[in-house]
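Colleague: Just a sequence and a predicted model for now, questions to come.
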Amino acid sequence: MEKVLVTGASGYIGLHVIAQLIDRGYLVKGSLRSRDRESEVRNALSKVVNTENKLEICELDLLKDDGWDDATQGCEYVIHVASPLVQKAPDDENEVIEPAKQGLIRALESSIKNKVKRFVMTSSFSAVGYGHDKDVFDESHWTNPKKNIGAYNKSKAIAEKTMWDHLKSLPESDRIEAVAINPTLVVGPSLSNDMGTSNMFIQKMIDGSYRASPKIHFGFVTVEDTARAHIEAMLHPSASGKRFILSEKNMWLHEMNKVLVENGYTKAPLKQLPDFLIKFLGLFNKELSVISGFVGRTKYTNSDNAKNILGFKFDGVDNAIVNTAKKFEELGIITR
């Protein structure tokens, strides 16, 4: 039975990846920054799969060398999901960039040392579509980290570029197969009570925080499809060396809110904030200064690689948005 190391086992995407791998019959080694969260991870997974004798937990830190070689040893595949969490704009962007970059290097080098079959990195559309004036994006495009695009977007672009550059620098005989997964805004209920940073958009729209929404345009993909794409890219013979943008549909934020209102979440605002107001407020607020560069701009994403190479079919974004709202309600975080 083949074994897969999944870093970031307690995370929103990581939990879904592990659940689907176990469901497909793989043994999984999941990494946590601290074993204190092991019971939380096992409890979350036990709701959807039987983890007995199928899940091993190890402790890894993106900024420390300890344990990486042992973690990848005996694994046929590595899915590197772990990345620094960003709840708000940091004072120093390197607080986010360095862990993302150094963690990637540690995961990749240990995978090379132990000759895993394929290394799959959870990148992001953040590594594709920011810092330039395009409206339509595919996998050939790269984010420009020299622009004011926010620490998280920079961290994803720099970490993914580091992976490809590092592999190219090696003799061909030392390289391993690698893939990057570039999801757009990931939505859908978490397997744990930690709903994930991307779902905060939905929470803020339905908890009464806003009476109008910023005019922002996103690609959307479900967390289930995102997890499944990692596994398909891990296995497909033609996926090596490729990037895969994941996007089922593109919507303005107020269009997402319309889906929520139609399903009873009437606090979601259908009005849009004027672009000039966001840009003005961005002069005084670091987080809004990043958003101000995106307001009023369309970002259309092309997922042809996923569809044509992996044979991937996306489904369920609208239901995932509504089910996320229901999960926030069940957790007592919002009320209708």
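Modeller: Sure thing, it's come through.

Colleague: Show me which helix or strand of this structure is least confident by mean pLDDT.
Modeller: helix 286-292 (a mean of 62; mean pLDDT, DSSP states H and E).

Colleague: for the next helix or strand after that one, packing partners?
Modeller: Downstream of helix 286-292, the next assigned helix or strand under DSSP states H and E is strand 300-301. Using 3 or more Cβ pairs under 8 Å, 6 or more residues apart in numbering; DSSP states H and E, the elements in contact with strand 300-301 are strand 136-137. To be clear about C-beta, it is placed using only N, CA and C from the backbone, and glycine gets the same treatment.

Colleague: so how far is the strand it packs on off the chain centroid?
Modeller: The chain centre lies 19 Å from the centre of strand 136-137; the measure is Cα atoms, centre = their mean, to the nearest Å.

Colleague: now swap in stretch 10-23 and tell me
Modeller: For stretch 10-23, the distance to the chain centre is 12 Å (Cα atoms, centre = their mean).

Colleague: Also stretch 196-203?
Modeller: Worked out by Cα atoms, centre = their mean, stretch 196-203 lies 12 Å from the chain centre.

Colleague: Stretch 75-89 too?
Modeller: Distance, centroid of stretch 75-89 to centroid of chain: 8 Å (Cα atoms, centre = their mean).

Colleague: for it, which positions count as buried?
Modeller: For stretch 75-89, a neighbour-count test (16 or more other Cβ atoms under 10 Å) marks 75, 76, 77, 78, 79, 80, 81, 82, 83, 84, 86, 89 as buried.

Colleague: For those residues, work out which two are farthest apart.
Modeller: Greatest spatial distance among the buried residues of stretch 75-89 (Cβ to Cβ): 76 and 89, at 38.7 Å.

Colleague: Would you map the strands across the chain?
Modeller: 3-7, 27-32, 55-59, 77-80, 118-122, 136-137, 177-183, 185-187, 217-222, 243-246, 249-252, 300-301 (DSSP state E).

Colleague: For residue 277, find the nearest of the ones you listed.
Modeller: Checking these against residue 277 by Cβ to Cβ gives strand 249-252 as the closest, at 16.4 Å.

Colleague: Would you list the strands that the closest one pairs with, along with their directions?
Modeller: Paired with strand 249-252 in the same sheet, following DSSP bridges, are strand 217-222 (antiparallel).

Colleague: orientation of the strand it pairs with relative to strand 177-183 in degrees?
Modeller: Strand 217-222 and strand 177-183 are oriented at 120 degrees to each other (axes from the mean of the first three to the mean of the last three Cα atoms, to 10 degrees).

Colleague: hmm, who's touching strand 217-222?
Modeller: Residues outside strand 217-222 that contact it (Cβ atoms under 8 Å, 6 or more residues apart in numbering): 125, 183-188, 245-253, 256, 294, 297-301, 314-317, 320-321.

Colleague: Quick one: mean pLDDT over that strand.
Modeller: Strand 217-222 carries an average pLDDT of 94.

Colleague: when you give positions from now on, start the count at 593
Modeller: Right, with 593 as the first residue, what we last looked at is strand 809-814.

Colleague: That strand: how far from the chain's middle?
Modeller: Worked out by Cα atoms, centre = their mean, strand 809-814 lies 12 Å from the chain centre.

Colleague: Check the gap between the closest residue to residue 721 other than its chain neighbours and residue 844 for me.
Modeller: Distances taken as Cβ to Cβ, 6 or more residues apart in numbering put residue 729 closest to residue 721, at 4.5 Å, once the chain neighbours are dropped. Applying Cβ to Cβ, to the nearest Å, the value for residue 729 to residue 844 is 17 Å.
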